[in-house]
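Novice: Give me a model of this one.
(2 chains)
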Amino acid sequence: MTEARNSQANRKRRAKALKRAVFFGVISVSIYLAVFLNQDTVTRYFTKGGVFALVIIVTALAVSLVHGSFASYTIDLSGIKPWQDGKQQEGEH
Amino acid sequence: MEGGITDVAKEFIGLGAGSVIFLIVLGFLGGLISGFIGSGGAFVLTPGMMSLGVPATIAVATNMCHKFPKALVGAYKRNKFGQVDIKLGVLMGLIATAGVQVGIQVQKWILNAWGEAGSNLYVSLAFVSILSVIGLFMLVDSRKARKSETGEKISGLARKMQSINLPPMIKLKNGGSISVWIIIPIALGTGLLAATISVGGFVGVPGMIYILGMSSLLASGSELIIAFMMGLAGTVTWGLGGFVDIRMVLLILAGSLFGVQVGAIGTTYVKDYMVKLVMALVMLVVCVSRALVLPNYLNDLGMITVSAGTMSLLKNTSFVVMCLALAIGGAIILGNMWLRRRALARVPLEEAKARLLPLKMEESKDQL
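Specialist: Residues are numbered from 1 along each chain as shown, chains lettered A, B, ... in the order given. This is a model prediction of the structure:
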């Protein structure tokens, strides 16, 4: 009974993770397409210097959030999960 | 961040399919190493970009810009595993950022005194001398830790340092406290090395382990905060001059944001000494790579004579060996994860499930 409930909860979690991976993946691909389909314009503006340094930082942070989330959900769906012993070792040290 | 940034030509190359794949793969491997040992992924990116025809200044600026978002994601992930001392990381990050400025001034002074060949020789000598000494020491220590049944121990030097009660003192996450006056030279050295060879962590992480008395996992996790702060400051500097190629930043991030998270997860699969072992091996292989090009710079300075063919061969071999350092590090990390997962497959299913850290996927704050 408990096993069935756990299995159902697991399936739900995976489905949720898959939805989020697709969501962040689509945004991530859109950002990359927007940049590379307009790379001449993007390069021209991003290399103007001065206040455009802020645009570079904001862009890098936005990509780290979106693409980083996509990567995190994808890694999780692939079954690569943290191992508990690592945390125990750290605590013992 | 070598040299002046207002007097060099800006040249942004076209990116073909081969270059795109190259940058993504390089980014993944660099991220994997950084997520695992806290730094070390960046050293191959500058020469890697230069091998595509990117001018040195643009390559250094772009490398710096990809570093801070990658380190931020890595630090976030490692913090979830309890492997980051945020207070110490921020303090060392601030001091290391000042150290970067000192390093830039040293570079400029050498550049003015001995020209580009002299500067290259200085960078290579720094690589070879620092990495060989620290790398060998860490290799021996990791082998000792591997044989020891009690696991990682605080070094005698760190115990002495922790006993010095010179205010202001800062509490360490894994117990004990240390004087800020002892932290300052380590953080300054980290920044100085970052400005010289792009990887401050080769001094920062061993410094935190052997002088401050932190565990390898905590030191490498906290190093990511230092890398984030130095990367952000460097990006502002280079960005103001318009030297960052955002296209290459995004391509490297496409791979490194995967790599850094896999590397961070990898730390939960291994014992502390593995961090030291991977760091030592990467340092020593990079050391060999830089030693190979020393004759080229000595030739440029007129100290020895080397033929053009030999110089080209040495330069190419050096780059291949540098890529090998990344590949060796990546293979050890992924290999250990795979072995541990195989061991996991042998234990009963219920026990195995219980030993995997439960990820709360429904909470978006827990994900990046």
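
Novice: Test my guess that B:Ile164 contacts B:Ser177.
Specialist: No - using CB atoms under 8 Å, B:Ile164 is not in contact with B:Ser177; the gap is 10.1 Å. Quick note: C-beta positions are derived from backbone N, CA and C, even for glycine.

Novice: buried ones in the helix ranked longest in chain A?
Specialist: Taking DSSP state H as the criterion, chain A has its longest helix at helix A:2-37. Within helix A:2-37, the residues scored as buried using 16 or more other CB atoms under 10 Å in any protein chain shown are A:Arg13, A:Ala17, A:Arg20, A:Ala21, A:Phe24, A:Gly25, A:Ile27, A:Ser28, A:Ile31, A:Tyr32, A:Val35.

Novice: What are the buried residues along the very next helix or strand once past that helix?
Specialist: Next helix or strand after helix A:2-37 toward the C-terminus (DSSP states H and E): helix A:39-46. Using 16+ other CB under 10 Å as the test for burial, helix A:39-46 gives A:Gln39, A:Val42, A:Thr43, A:Phe46.

Novice: So which residues lie in contact with helix A:39-46, not counting its own?
Specialist: Applying CB atoms under 8 Å, 6 or more residues apart in numbering or on different chains, the external contacts of helix A:39-46 come out as A:Val35, A:Phe52, A:Val55, A:Ile56, A:Thr59, B:Phe12, B:Leu15, B:Gly242, B:Val244, B:Asp245, B:Ile246, B:Arg247.

Novice: what about stretch A:34-49, distance to the chain center?
Specialist: Here stretch A:34-49 is found 23 Å from its chain centre; the criterion is CA atoms, centre = their mean, to the nearest Å.

Novice: Quote the end-to-end distance of that stretch.
Specialist: Using CA to CA, to the nearest Å, the end-to-end distance of stretch A:34-49 comes to 21 Å.

Novice: follow-up on the earlier one: quick check: angle from the longest helix of chain A to helix A:39-46?
Specialist: Helix A:2-37 runs at 90 degrees relative to helix A:39-46, counting by axes from the mean of the first three to the mean of the last three CA atoms, to 10 degrees.

Novice: Kindly indicate whether the spatially most central residue of chain A is helix, strand or coil.
Specialist: With distances taken as CA atoms, centre = their mean, the residue of chain A nearest its centroid is A:Ser69 (1.9 Å). Using DSSP: H, G, I helix; E, B strand; the rest coil, the structure places A:Ser69 in helix.

Novice: I'd say it and A:Arg20 touch.
Specialist: Yes - counting by CB under 8 Å, A:Arg20 is a contact partner of A:Ser69 at 7.2 Å.

Novice: If you rank the contacts of helix A:39-46 by neighbours, which is first?
Specialist: B:Val244 (30 neighbours; other CB atoms under 10 Å in any protein chain shown).

Novice: Would you mind measuring from that one to B:Ala308?
Specialist: 33 Å (CB to CB, to the nearest Å).

Novice: Right, and chain A sits closest to which residue of the stretch 51-200 of chain B?
Specialist: B:Pro69 (3.4 Å; CB to the nearest CB).

Novice: Run a quick neighbour tally on that residue.
Specialist: 29.

Novice: B:Ile252 reaches B:Phe28, doesn't it?
Specialist: No - between B:Ile252 and B:Phe28 there is no contact under CB under 8 Å: 9.1 Å.

Novice: Give the closest residue to the residue nearest to the centre of chain A in space, chain neighbours not counted.
Specialist: A:Phe24 (4.4 Å; CB to CB, 6 or more residues apart in numbering or on different chains).

Novice: list the contacts for the one you found?
Specialist: A:Phe24 sits in contact with A:Val66, A:His67, A:Ser69, A:Phe70, A:Tyr73, where contact means CB under 8 Å, 6+ apart.

Novice: ok, so of these, who is nearest A:Ser7?
Specialist: Nearest to A:Ser7, judged by CB to CB, of the contacts of A:Phe24 is A:Tyr73 at 20.4 Å.

Novice: I'd say that closest one and A:Ala17 touch.
Specialist: Yes - counting by CB under 8 Å, A:Tyr73 does reach A:Ala17; the two are 5.1 Å apart.

Novice: any chance of the buried residues of helix A:39-46 in a markdown table, plus distance to A:Ser78 and pLDDT?
Specialist: Output for the buried residues of helix A:39-46, formatted as a markdown table (distance: CB to CB, whole Å; pLDDT from 0 to 100):
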| residue | distance to A:Ser78 | pLDDT |
| --- | --- | --- |
| A:Gln39 | 31 | 90 |
| A:Val42 | 31 | 92 |
| A:Thr43 | 34 | 91 |
| A:Phe46 | 33 | 91 |
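
Novice: Chain B: which of those is nearest?
Specialist: A:Phe46 (4.5 Å).

Novice: So what does B:Ser177 have for phi and psi?
Specialist: phi -140, psi 160 (degrees, to the nearest 10).

Novice: so what's it scoring on pLDDT?
Specialist: pLDDT recorded at B:Ser177 is 91.

Novice: pretty sure it contacts B:Lys171?
Specialist: Yes - B:Ser177 is within contact range of B:Lys171, at 4.7 Å (criterion: CB under 8 Å).

Novice: so where's the chain shaky on pLDDT?
Specialist: By default, I'm working from chain A. A:1, A:84-93 (pLDDT under 70).

Novice: try again with chain B
Specialist: B:1-10, B:149-151, B:347-368.
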